[in-house]
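J.: Just need the structure, nothing else, for what follows:
(chains A, B and C)
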Amino acid sequence: MQYMLLFHQPAGELERTPNDPASADYWETWRAYMSAIYSAGIVTSGNVLQPPSTATTVRFRDGQREVLDGLFAETKEMLGGYLIIDVPSLDEALTWAARSPSSSTGSTEVRPIALLESA
Amino acid sequence: MQYMLLFHQPATELERTLDDPASADYWESWYAYMSTIYDAGIVTSGHGLQPPATATTVRFRNGQREVFAGPFAETQEMLGGYVIIEVPSLDDALTWAARSPSSSTGSTEVRPVALLEAA
Amino acid sequence: MHPQHETEAAYQRAAFVARESYGRLVAYLATRWGDLAAAEDALSAAFVAALERWPRTGVPERPESWLLTVARRKLVDSARHAALRDRPEIVAALGDAALDQSAPPPALPDERIRLMLVCAHPAIDAKIRPALILQAVLGLEAKGMASAFLVSAETMTKRLVRAKAKIRAAGLRFEEPTASDMPGRLHALLEAIYAAYFLGREGAVSDGDVHDQLRDEALYLARVVATALPTAAEALGFLALLTFCEARRLAQINTAGAFVPLLEQDAGTWDVALMREGYLLLERAVAQGEIGPFQLEAAIQAAHCYRARSGTVPWGEITLLYQALVTRYPTIGSRVGCAVATAHAEGDPSNGLAMLNAIDPEAVRTYQPFWVALWHLHTMRGDNTQARSCLLRALSLTTHPRLQAYLRTRLRLYDHSAAGEEPGNGAL
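T.: Here you go, the predicted structure:
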């Protein structure tokens, strides 16, 4: 089965930059996690997102396009990235989710993919 | 540039089933949108997700795995699916976002993908 | 035979099989198909088919196998139908591979424990687990359970449907959990059964057949779990706990129909046979050498039952057991119990009150047992003003009519306390 792992991270964490020496450990834990999960051969696709401050939200109401700066909802934890993985059951997906650095500082959501691809 | 379009939809909409005759228009509008955007050759990947009720959220605290039934946050609008698109600029991404059915009933969030791929 | 007799015989036989084997049949189908809702639907259809057919053809020699065969055919048919509509290409892959088509086994294996453990998975909302288990294993209907769980029938139905949809859609596996997951899952399962038992028991204090049934079914499930996992210390300890509670159940309502709190009950009326069974179960549990919260709770209840023999409550032992419970498995309930036991053991409520006051007020704002305990300890201290206000708070949080009536009679005593009566000596 395919699952999407959504990495919800504290807002402060998402503003970290790759070349900040104080963030070296942070990036290292992510690198270690990503290499482990990719090596397991279960990742279908995945992306890291730019920080929430770069987000733009669009609504379409009464024939008008409304563009808002920022996320559609400001919460304490926000989506920092995701992976699509293919594993036999929810239990394996939860095991991988628990190992994610986001589970230690924020939370990792596990959502099954709909059978029909969005295409 | 690569952008993630996050389709945030009203919770009730996400409970619609494929075989419900009352939802035929709903599915038709998504089908039309997805065909157009895939035909444009800009989609890198994308998935529809199972409804939020099927989500499970994991946290890891004090060496303990905590598993919660449900999405990480219950909000009025929730993630129903996403696509990653490759377009020249944010404006193109916003144009595609505005055309999504989710922009008419909920909202579509546009987030640039980080340069470093997750791998 | 007269056709009407045939019909009646078929109904009786079907009802008998339903009662004895419903959960086993659901478990057998669901664990192989991975879809609880579909398994239940297929089994219902098989029962309908049986009632239509058995009056004409006679009841088959092995009714369970007959039902299983029909239900399996329905499962495969409906899946094929769905697959044809959505994805023709997977029809080929489906068929016999998805569900073993060989003849059902002569003796139906008891896989209800696997079914229950899936229902107690952390990915399933804890609130719905008790009802989900009762429905999956015993076929209890949402409508019947709703009132006991204090929700509308519609809400109950919706939650059950949603939980089953999640089992299917989220890919929960109907296999025994791994050794490392097992303790947590078993505990969640026992907690769900405990919740059902207590809803039933508290409900029984305020009457009602639904509640009595719920209590009976929860007890039955506890036995099923202890039988399926004969070396699981907590499963045995849990059954011991319920057995001690059962031994005293009838004593909590007096001949006038009024509620009697534990310490005021006549220990001579407790069920000796059940208490003995409880002790034996607890011994077996402890012999497994794996301590757990339900064993400690059972030991506390065992200590209370000791009063039937000795005439006194061994508060010192009870305090020690609560301390172990609070240290290893801290919950609000165990901290409240520990405070009360400490006050009794020391014959002085000071430390107990300090323990109650150390609990986060937000966590106990609506927790009725906390206010009962606080009332009790303030009474021990002789502070009637504080005691009365805690009693009022407890009363406002009590929903069961018999308990309300009991607390009201206690409250009335404060208004006559000039007469010198002791208003607060009845801790629950």
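
J.: ok, which residues in chain B are in contact with chain C?
T.: B:18-19, B:50-51, B:53-56, B:67-70 (Cβ under 8 Å from any Cβ of the partner chain). For every residue, glycine as well, the C-beta is placed using N, CA and C.

J.: Can I get the residues you listed in TSV including pLDDT, distance to chain A and neighbour count?
T.: Shown next, in TSV, are these (pLDDT from 0 to 100; distance: Cβ to the nearest Cβ, whole Å; neighbours: other Cβ atoms under 10 Å in any protein chain shown):
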residue	pLDDT	distance to chain A	neighbour count
B:18	82	7	14
B:19	83	12	10
B:50	90	4	23
B:51	90	9	23
B:53	88	10	21
B:54	90	5	26
B:55	92	5	27
B:56	92	5	27
B:67	90	6	19
B:68	89	8	17
B:69	90	11	22
B:70	87	9	17
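
J.: what's the helix or strand of chain B with the lowest mean pLDDT in contact with?
T.: Sorting the helices and strands of chain B by mean pLDDT, DSSP states H and E puts strand B:64-69 at the bottom, at a mean of 88. For strand B:64-69, the surrounding residues in contact (Cβ atoms under 8 Å, 6 or more residues apart in numbering or on different chains) are A:94, A:98, A:103, B:56-60, C:122-126, C:166.

J.: Same check on stretch C:349-368?
T.: C:332, C:335-336, C:338-343, C:346, C:370-371, C:373-374, C:377-378, C:380-381, C:394, C:397-398.

J.: how does it look with 6 Å?
T.: Stretch C:349-368 has contacts (Cβ atoms under 6 Å, 6 or more residues apart in numbering or on different chains) with C:332, C:335, C:339, C:342-343, C:370, C:374, C:377, C:380-381, C:394, C:397-398.

J.: Tell me how many other residues crowd residue 82.
T.: Going with chain A. For residue A:82, the count of nearby residues is 26 (other Cβ atoms under 10 Å in any protein chain shown).

J.: think we crossed wires, I meant chain C
T.: Look at residue C:82: counted by other Cβ under 10 Å, it has 16 neighbours.

J.: residues touching the nearest residue to residue A:5 once chain neighbours are set aside, list them.
T.: Sequence neighbours aside, residue A:83 is the residue nearest to residue A:5 in space, at 4.8 Å (criterion: Cβ to Cβ, 6 or more residues apart in numbering or on different chains). By Cβ under 6 Å, 6+ apart, residue A:83 lies in contact with A:5, A:43, A:46.

J.: Just say helix, strand or coil for residue A:83.
T.: Residue A:83 falls in the strand class when you classify it by DSSP: H, G, I helix; E, B strand; the rest coil.

J.: Could you check how far it is from residue A:6?
T.: Residue A:83 sits 9 Å away from residue A:6 when distances are taken as Cβ to Cβ, to the nearest Å.

J.: How many neighbouring residues does whichever residue of the stretch 251-400 of chain C sits closest to chain A have?
T.: Per Cβ to the nearest Cβ, residue C:362 is where the stretch 251-400 of chain C lies closest to chain A, at 19.1 Å. Residues near residue C:362, counting by other Cβ under 10 Å, number 7.

J.: Among the contacts of strand B:64-69, which one lies nearest to residue C:35?
T.: Residue C:35 lies nearest to residue C:166 out of the contacts of strand B:64-69, by Cβ to Cβ, at 11.2 Å.

J.: thinking that closest one is in contact with residue B:54, fair?
T.: Yes - taking Cβ atoms under 6 Å as the definition, residue C:166 is a contact partner of residue B:54 at 4.9 Å.

J.: I'd guess residue C:114 is in a helix, am I close?
T.: Yes - under three-state DSSP, residue C:114 sits within a helix.

J.: The chain: strands as residue ranges?
T.: Picking chain A for this. Under the criterion DSSP state E, chain A contains strands at A:2-10, A:43-48, A:56-61, A:64-69, A:77-86, A:107-112.

J.: so how many other residues sit close to residue C:411?
T.: Residue C:411: 17 surrounding residues under other Cβ under 10 Å.

J.: and residue C:172, what are its phi and psi?
T.: Per-residue torsions, residue C:172: phi -70, psi 140 (degrees, to the nearest 10).

J.: For it, give me the pLDDT.
T.: pLDDT for residue C:172: 85.

J.: show me the contacts for it.
T.: Residues in contact with residue C:172 (Cβ under 6 Å, 6+ apart) are A:90, C:118, C:121.

J.: so what's the residue nearest to residue C:277 when sequence neighbours are not counted up against?
T.: Using Cβ to Cβ, 6+ apart and skipping the chain neighbours, the partner closest in space to residue C:277 is residue C:243 (5.3 Å). Counting by Cβ under 6 Å, 6+ apart, residue C:243 touches C:274, C:277-278.

J.: With residue B:43 instead?
T.: Listed by Cβ under 6 Å, 6+ apart, the contact set of residue B:43 reads B:37, B:83, B:85.

J.: can we see that at 10 Å?
T.: Residues in contact with residue B:43 (Cβ atoms under 10 Å, 6 or more residues apart in numbering or on different chains) are A:118-119, B:5, B:34, B:37, B:83-86, B:96.

J.: Next one: it from chain C, what distance?
T.: Here the criterion is Cβ to the nearest Cβ, to the nearest Å. By it, residue B:43 lies 21 Å from chain C.

J.: what ranges do the helices span in the stretch 251-400 of chain C?
T.: Taking DSSP state H, counting those that start in this stretch to define them, one finds helices in the stretch 251-400 of chain C at C:272-287, C:293-305, C:307-310, C:315-328, C:332-346, C:350-357, C:361-364, C:368-381, C:384-396.

J.: Give me the distance from the longest one to the chain's centre.
T.: When distances are taken as Cα atoms, centre = their mean, to the nearest Å, helix C:272-287 is centred 19 Å away from the chain's centroid.

J.: re earlier: show me the contacts of strand B:64-69 that map onto strands.
T.: If you go by DSSP E, the contacts of strand B:64-69 have B:56-60 in strands.

J.: Residue 31: neighbouring residues, count only.
T.: I'll assume chain A. Residue A:31 has 13 neighbouring residues, counting by other Cβ under 10 Å.

J.: actually it's chain C I care about, not the one you picked
T.: 20.

J.: Please tell me I have it right and it contacts residue C:136.
T.: No - in this structure, residue C:31 is not within contact of residue C:136 by Cβ atoms under 10 Å, at 11.2 Å.

J.: Spit out the residues that contact these two alike.
T.: In contact with both residue C:31 and residue C:136: C:39, C:112, C:115, C:118, using Cβ under 10 Å, 6+ apart.
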